[in-house]
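Engineer: Sequence plus the predicted model coming up.
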Amino acid sequence: MRKLFALIAGVGTYLWAQEVDSRVPIYRMSVFKLYPLALMDPFQLAVQGAMELPVSRKNSTQIEAGWVFGYLAEVLPYQDNTQRGFKARLEWREYLTEASPDKPQYTLTGIYASAQLGYQYYYQNMGGIDTSFYSPGTPTRTKTYERTIQALSINGLLGFQGAIGRRIAVDLFWGMGIRYTLHQWGPLVPPDPDLVEKMPVGDLILRKGVRPIPRFGIAFGWIL
């Protein structure tokens, strides 16, 4: 009789555990995210999204990409500059808090710290630059200059991700990083490229060389 009760208790415990695991899986669901602030940046209008892929109860990797399709001044009638490009980032997250195992949790939530590697590329066409601007008194000559910008960055972030119901995720983050930026002109080089590089095209702080950069933002996600 004792063996029968032990068997029944064992089977019941196993079935209960299976039910808990089905409600609260060890590996959480992935999240597809969009970054609304990228569409509001006047210096690099972009459609930007990411996919977060949980790999354990407290870790995930996130792949982020964005298409830069212009900047705000392009809509002005007197402005001939154009800009196109893309961004890509790879991130590893460590969640510092873990939800109670007896509560349903559909993706990783809570405070997290992360390391991020990023790459940016821009092609810019500085259309219609008046060369007499650099040499007063000379005849006006309008030329078009082209520039490519590439940047590599390493960032450290601290953030918080929360869930609203079963499908909505909200991700807030901030941090600092280091970025190395390379500018290249061609086929023509402006008479004063340093002055042109200060024009508000592209990332406002995307200057040549190694510089510190702030990182902050918000993303809204759909739990898959």
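Structural biologist: Right, received. Where do you want to start? Numbering: from 1, shown residues only.

Engineer: Which secondary structure elements does the longest strand along the chain sit against?
Structural biologist: For the chain, the strand that runs over the most residues, judged by DSSP state E, is strand 142-164. Under the contact criterion of 3 or more CB pairs under 8 Å, 6 or more residues apart in numbering; DSSP states H and E, strand 142-164 touches strand 110-130, strand 168-185, strand 209-223. No exception for glycine: its C-beta is placed from N, CA and C like everyone else's.

Engineer: ok, then the element right after the lowest-mean-pLDDT helix or strand in the chain?
Structural biologist: The least trusted helix or strand in the chain, going by mean pLDDT, DSSP states H and E, turns out to be helix 2-23, with a mean of 48. Using DSSP states H and E, the helix or strand that follows helix 2-23 in sequence is strand 31-34.

Engineer: Kindly export that next one (C-alpha atoms) in CSV.
Structural biologist: Coordinates of each C-alpha in strand 31-34 appear next as CSV, following Å, rounded to 0.1, in the frame of the first residue of the first chain:
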residue,chain,number,x,y,z
VAL,A,31,10.8,39.6,-28.5
PHE,A,32,10.6,41.7,-31.7
LYS,A,33,11.2,45.4,-30.9
LEU,A,34,10.8,48.8,-32.6
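
Engineer: Other residues contacting it?
Structural biologist: Strand 31-34 has contacts (CB atoms under 8 Å, 6 or more residues apart in numbering) with 48-52, 107, 169, 171, 219-224.

Engineer: what's in contact with the next helix or strand after it?
Structural biologist: The helix or strand immediately downstream of strand 31-34 is strand 45-54, counting by DSSP H and E. Under the criterion CB under 8 Å, 6+ apart, residues 27-35, 38-39, 60-72, 87, 89, 93, 107-108, 219, 221 lie in contact with strand 45-54.

Engineer: Buried residues in strand 45-54, which are they?
Structural biologist: Neighbour counts over strand 45-54 (16 or more other CB atoms under 10 Å) mark 45-46, 48-50, 52, 54 as buried.

Engineer: do the same with stretch 52-68
Structural biologist: Neighbour count says stretch 52-68 has 52, 54, 57-58, 60, 62, 64, 66, 68 buried, by 16+ other CB under 10 Å.

Engineer: of all those, which two lie farthest apart?
Structural biologist: R57 and V68 (35.8 Å; CB to CB).

Engineer: you'd agree Y121 is up against G85?
Structural biologist: Yes: between Y121 and G85 there is a contact under CB atoms under 8 Å: 5.1 Å.

Engineer: circling back to that earlier point, make a markdown table from the buried residues of stretch 52-68 and add pLDDT, secondary structure and distance to W185 to it.
Structural biologist: Shown next, in a markdown table, are these (pLDDT from 0 to 100; DSSP: H, G, I helix; E, B strand; the rest coil; distance: CB to CB, whole Å):
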| residue | pLDDT | secondary structure | distance to W185 |
| --- | --- | --- | --- |
| E52 | 97 | strand | 38 |
| P54 | 92 | strand | 44 |
| R57 | 82 | coil | 50 |
| K58 | 88 | coil | 47 |
| S60 | 94 | strand | 40 |
| Q62 | 97 | strand | 34 |
| E64 | 97 | strand | 29 |
| G66 | 95 | strand | 24 |
| V68 | 90 | strand | 19 |
